[in-house]
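Asks: Sequence and predicted structure, then a few things I'm wondering about:
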Amino acid sequence: MLSFFLFSISRAWQGFWRNAAMSLAATATMTLMLLLLSSFWIVQAGFLASLSYVEDKVGVVADLDDNIRQSALTDLQARLAAMPEVRAVEYVSKEEALRRYREQRSAQGQDDLTPFLNDNPLPASLEVKLRRPADYRTVAEFLGAEPIVAKVQNIEDTTDRLVSLTNFLRTFGVLLLAVIGSIVLFIVINTIRLAVLGRAEEIEVMRLVGASDAFIRWPFVFEGALVGLLGAAISLGVLVGAAEPLSRFMVGFFSILPINVGSISRDVTILVLGSGLGLGVIGAWVSVRTYLIR
Amino acid sequence: MLSFFLFSISRAWQGFWRNAAMSLAATATMTLMLLLLSSFWIVQAGFLASLSYVEDKVGVVADLDDNIRQSALTDLQARLAAMPEVRAVEYVSKEEALRRYREQRSAQGQDDLTPFLNDNPLPASLEVKLRRPADYRTVAEFLGAEPIVAKVQNIEDTTDRLVSLTNFLRTFGVLLLAVIGSIVLFIVINTIRLAVLGRAEEIEVMRLVGASDAFIRWPFVFEGALVGLLGAAISLGVLVGAAEPLSRFMVGFFSILPINVGSISRDVTILVLGSGLGLGVIGAWVSVRTYLIR
Amino acid sequence: MPRGNRAGGAMVDPRRPVLVLNDVTKTYPNGRDALKDVDLVVPEGDFVFLVGASGAGKSTLMKLLIRDELATQGTVTLDGDDLARLPRRKVPHVRRKIGIVFQDFKLLPTKTVRENIAFALEVTGTSRRRIKPAVNRVLALVGLTEQAEQYPKQLSGGEQQRTAIARALVHDPRIVIADEPTGNLDPLISWEILQLLLRINELGVTVLMATHDADIVTALRKRVVALEEGRVIRDEVGGGYHRAG
Amino acid sequence: MPRGNRAGGAMVDPRRPVLVLNDVTKTYPNGRDALKDVDLVVPEGDFVFLVGASGAGKSTLMKLLIRDELATQGTVTLDGDDLARLPRRKVPHVRRKIGIVFQDFKLLPTKTVRENIAFALEVTGTSRRRIKPAVNRVLALVGLTEQAEQYPKQLSGGEQQRTAIARALVHDPRIVIADEPTGNLDPLISWEILQLLLRINELGVTVLMATHDADIVTALRKRVVALEEGRVIRDEVGGGYHRAG
Ligand SMILES: Nc1ncnc2c1ncn2[C@@H]1O[C@H](COP(=O)(O)OP(=O)(O)OP(=O)(O)O)[C@@H](O)[C@H]1O
Ligand SMILES: Nc1ncnc2c1ncn2[C@@H]1O[C@H](COP(=O)(O)OP(=O)(O)OP(=O)(O)O)[C@@H](O)[C@H]1O
Ligand SMILES: [Mg+2]
Ligand SMILES: [Mg+2]
């Protein structure tokens, strides 16, 4: 068994180099397709991180009545914090609200209207951060029923739109990745098929001389694996080479996004190696099958 | 000459079908690659339209002094309209400004602060729409020098960021399309090369029997063209089939965008047919060349 | 027989039929009848010349015997196995019993002469240690020791044919089926190859050989089966190439 | 000659050399010397048998003549053209002067017998109208009329060889180079093919034929050039296959 394994590998190595033109053409296609797949995977990962970042910003803001008891406030804060939907609760006092308003106006380059005010018209409020934007309604309704809450700011429309947009984008991204994945799958298998097609006669001769299916198949499968692994190695090399300038550039642009570069590069390595190997093996298996079953 | 042309075409047709497995595999790859290319082209077109739409929104807002003369205002408006950078000028009166402010507050679900005001603190203003966002500075400086202008609202930062973002996205899109284009080019040529590789011996025999290079080459080139055109036809078929549900879906989402579906579909048709034909011909030419030059 | 381990043909039962065609008709998909109502029994240890004009059906008969083609009618039995009923899985095993020299050689283009010959042993699971000497022995027998590391494309026609012969003999087959194995060889080497086949036949190997070489057939006076347009028109022991003998 | 348009060889100058090898040595990239210091002059209208053991260099000599290989040393001249100096563009024109029967046939696998034969006329730019009758004529000559629409894979070995012969003759070449054209043919058809070659030779076509068929060479008493390990060891008119004659 082991000797058959080793034998097949050595035959695969031989087959790869003796049909160098075909093998290298197949490897080139494999490499490009893996690069395409991994680029989209990376873009997709960055994109999902951006969506999460945006969703993080969704929260429920409840304006409080003026002059409420501190104990009532503390009690509400505690009950909110205990809700599974809630990630964090922040209390914004009347003074803080005015300060933020002024900041916001001036950041937008608009006039500060507050000097015209006689009194601080802004209410104190509780800003509740959610675990999932879709829970907006639950928390808003809970707050609306509280006696010390004057009014829950109505951003339901905005939230709904945001939720449906992010859901759409997420689905769209997954779909796009699936489509690209299928294209890669098909092209690679098709390419390996073309390479095997050029060796159909060789397979026929092997069979006529008494070679069993396994004896013919495994060297081809290992050859497919070799094409896959070589393609994966080259792709990873290119990605590593491109990573440094690219990430420097990306950081400049998306510096706010909490992208975990470590986990992405681990995922991409697994993706590239796994799909290279898998596609090579499956492609070879399927292609040889055609010529064995007769 | 014409008879040679017709002869080559009939040989190409024969060659295509007598090597059906290879030809169809090559056509399948061609089809998928054209679909990939055209999808990105379409996304890119939609994307550029979105950018233009966003850029349209960039304008210069100049607050005017209270109590200016109507003639000075009309004069300024006329001079602005005459500037090549300016697309449109709108006058917003003090009352209109207050109305808009109230609308905006309530749309954001925030309290209306205006009842606390003694007086309308908002100035009248001129809103100038630009042809290109990059011209922001020129127009802002022009307005700043006008006597009746109290202040030019400073959104230079925002504009700068927007301009550099849209420029970045535009470049990125073109770059992405170029990369995908190169991938498609390479994969298709590589695939045709693999198919020709399987017929290298046939070419050798033809040469030994006294066939001239042209005699061998042209049927292959026409066969490549056939693969390209068939791939293009199938791709267009798929696109047409997908267009209706997809555009219905897209309109729902991007209904605001002024996308010209007619011109896009014309461009895509040209793109798909042109690159299918071109890639098929170039691929075959390059591949056969290898076996002729010896 | 290269190794000569079936000494003196002691274990050979000359009445046991190893190749049997029973009322076989072969019609190719394009409608051409290559064989019609062929009956043929070859007992173990026999030496049979298959003769007939070009297109008479000799190669077709041999293709049926190795299950490269299936008979349209009738049964083909090889060493007791009905080839039409043989499960796919077992086909390689049956083929390994036979040493086949194809008319068009069927060498593997990406393997050297040595590797092509070794291949017939590798498929049987022979260990490397035993493959090397066996291959060297047959290389010497067919006179290709010098060409061992060349690829088929780098061989002369006769050298290719001798490679095919060496591959057919290297695994000590019990049956040798040779389709015009001397068509590309000069008279001298042809006779040497014939001597080789006669020697292994004496050791009990059944040999079926298609040939156009009238000199050889007539000189050896072995069993001759003559085909004409797919029918057996003559089957006699000690006959010549032509009907007159 | 199928068409017989060079009536009675009136335009043939028998002293004009058409095939000339001048001190030719051919060493293959792997170091094997296939030809050594070969001098050979074949005048127009000659009929030459090329004999020699397997691997003696016969096919290599023929490959040099059609510029499939280039000589390592010496010059090869065909009909006045030094093949080593011939511009690439002109190579097809030279090849069209020759009718070549390859030892391994070299048929186009995706073309039928008819198309394979027609191919040799198509490359010369012959019109369709004239191709069809010419192809039918040679098909009848080699006895393949019935097999005209089959693909090479669907032919017997001898039928493939006859297709190759038909392709070599269809365009009325001035020179015929045949590499063991009867290796896969039975004696009867072999003789018929020989008669065909003799007939076209009488019409002035130069014929160079490599063969292992001792009977034919000895019987015809034509010029015989014998190679041994790449050297010309014998060149005599009216010789037999073997040195003794
Ligand atoms: N795959 C095929 N499809 C159709 N017809 C075929 C096929 N193979 C062979 N034939 C036909 O069957 C007949 C017998 O062929 P076969 O190869 O058995 O002849 P053969 O006796 O070996 O001849 P040769 O001496 O020329 O090799 C021939 O007329 C041939 O055209
Ligand atoms: N492409 C090649 N590369 C290396 N060596 C070669 C090549 N072609 C032929 N040879 C060697 O050159 C020698 C002469 O070969 P050639 O084909 O000319 O022989 P031949 O006389 O035609 O023999 P046969 O009668 O067997 O066809 C042989 O020993 C062969 O191994
Ligand atoms: Mg045969
Ligand atoms: Mg030869």
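Replies: In hand now; what should we look at? Not measured: the values here are computed from a predicted model. Ligands and ions are numbered 1, 2, ... in the order given.

Asks: okay, A:K151: pLDDT?
Replies: Among the per-residue scores, A:K151 holds a pLDDT of 79.

Asks: which helices and strands does the strand or helix carrying it pack with?
Replies: Under the criterion of DSSP states H and E, A:K151 resides in strand A:149-152. With contacts defined as 3 or more CB pairs under 8 Å, 6 or more residues apart in numbering or on different chains; DSSP states H and E, the packing partners of strand A:149-152 are strand A:59-64, helix A:136-144. C-beta: built from backbone N, CA, C; applies to glycine.

Asks: Would you agree C:A118 is in contact with C:V135?
Replies: Yes - C:A118 sits in contact with C:V135 when judged by CB atoms under 8 Å, with a separation of 5.1 Å.

Asks: And the two? Which one has more around it.
Replies: C:V135 (23 against 20; other CB atoms under 10 Å in any protein chain shown).

Asks: I'd assumed C:R114 was in contact with the more buried one.
Replies: Yes - the criterion here is CB under 8 Å, and C:V135 meets it with C:R114 at 5.9 Å.

Asks: Return every residue with contacts to both of those two.
Replies: Applying CB atoms under 8 Å, 6 or more residues apart in numbering or on different chains, one finds that no residue jointly contacts C:V135 and C:R114.

Asks: near chain C, anything from the helix or strand encompassing A:I180?
Replies: Here A:I180 sits within helix A:156-197, counting by DSSP H and E. No - no part of helix A:156-197 sits near chain C under the criterion CB under 8 Å from any CB of the partner chain; the closest distance found is 12.8 Å.

Asks: could you give the angle of the next helix or strand after that helix to helix A:156-197?
Replies: Following the chain from helix A:156-197 toward its C-terminal end, the next helix or strand by DSSP H and E is helix A:200-208. If you take axes from the mean of the first three to the mean of the last three CA atoms, to 10 degrees, helix A:200-208 sits at 60 degrees to helix A:156-197.

Asks: The strand holding A:K151: which residues count as buried?
Replies: By neighbour count on 16 or more other CB atoms under 10 Å in any protein chain shown, the buried set for strand A:149-152 is A:149, A:151-152.

Asks: got it, and stretch C:186-206?
Replies: So for stretch C:186-206, counting by 16+ other CB under 10 Å, buried means C:186-187, C:189-194, C:196-197, C:200-201, C:203-206.

Asks: Report the two of those residues separated the most.
Replies: The most widely separated members of the buried residues of stretch C:186-206 are C:D186 and C:G204, with 29.6 Å between them, by CB to CB.

Asks: for the residue in the stretch 51-200 of chain A positioned nearest to chain B, what are its contacts?
Replies: Per CB to the nearest CB, A:G198 is where the stretch 51-200 of chain A lies closest to chain B, at 3.8 Å. Taking CB under 8 Å, 6+ apart as the criterion, A:G198 is in contact with A:19, A:22, B:194, B:197-198.

Asks: okay, these in TSV with distance to ligand 3 and pLDDT next?
Replies: Formatted as TSV, the entries for the contacts of A:G198 read as follows, by distance: CB to the ion, whole Å; pLDDT from 0 to 100:
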residue	distance to ligand 3	pLDDT
A:N19	30	90
A:M22	31	89
B:L194	33	88
B:L197	30	87
B:G198	27	85
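
Asks: So which of those residues is surrounded by the most neighbours?
Replies: The most neighbours, when the contacts of A:G198 are compared by other CB under 10 Å, belong to B:L194, which has 27 neighbours.

Asks: What lies in contact with the strand holding A:K151?
Replies: Under the criterion CB under 8 Å, 6+ apart, external residues in contact with strand A:149-152 comprise A:60-65, A:76, A:123, A:126, A:140, A:143-144.

Asks: Restricted to buried residues, select those in ChimeraX.
Replies: Under the burial definition 16+ other CB under 10 Å, those of the contacts of strand A:149-152 that qualify are selected in ChimeraX by:
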select /A:60,61,62,63,64,76,123,126,140,143
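
Asks: so can I have JSON lines of the contacts of strand A:149-152 showing distance to A:I203 and pLDDT?
Replies: Formatted as JSON lines, the entries for the contacts of strand A:149-152 read as follows, by distance: CB to CB, whole Å; pLDDT from 0 to 100:
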{"residue": "A:V60", "distance to A:I203": "67", "pLDDT": "80"}
{"residue": "A:V61", "distance to A:I203": "71", "pLDDT": "82"}
{"residue": "A:A62", "distance to A:I203": "74", "pLDDT": "84"}
{"residue": "A:D63", "distance to A:I203": "78", "pLDDT": "85"}
{"residue": "A:L64", "distance to A:I203": "80", "pLDDT": "85"}
{"residue": "A:D65", "distance to A:I203": "84", "pLDDT": "84"}
{"residue": "A:L76", "distance to A:I203": "76", "pLDDT": "86"}
{"residue": "A:P123", "distance to A:I203": "81", "pLDDT": "84"}
{"residue": "A:L126", "distance to A:I203": "74", "pLDDT": "85"}
{"residue": "A:A140", "distance to A:I203": "68", "pLDDT": "82"}
{"residue": "A:L143", "distance to A:I203": "72", "pLDDT": "83"}
{"residue": "A:G144", "distance to A:I203": "74", "pLDDT": "81"}
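
Asks: so which of the contacts of strand A:149-152 comes closest to B:F168?
Replies: For those, with B:F168 as the reference and CB to CB as the criterion, the closest is A:V61, at 33.3 Å.

Asks: tell me which residues form a beta bridge with the closest one?
Replies: With DSSP bridges applied, the residues forming beta bridges to A:V61 are A:E127.

Asks: check contacts around it.
Replies: The contact partners of A:V61, taken as CB under 8 Å, 6+ apart, are A:125-128, A:152-153, A:155.
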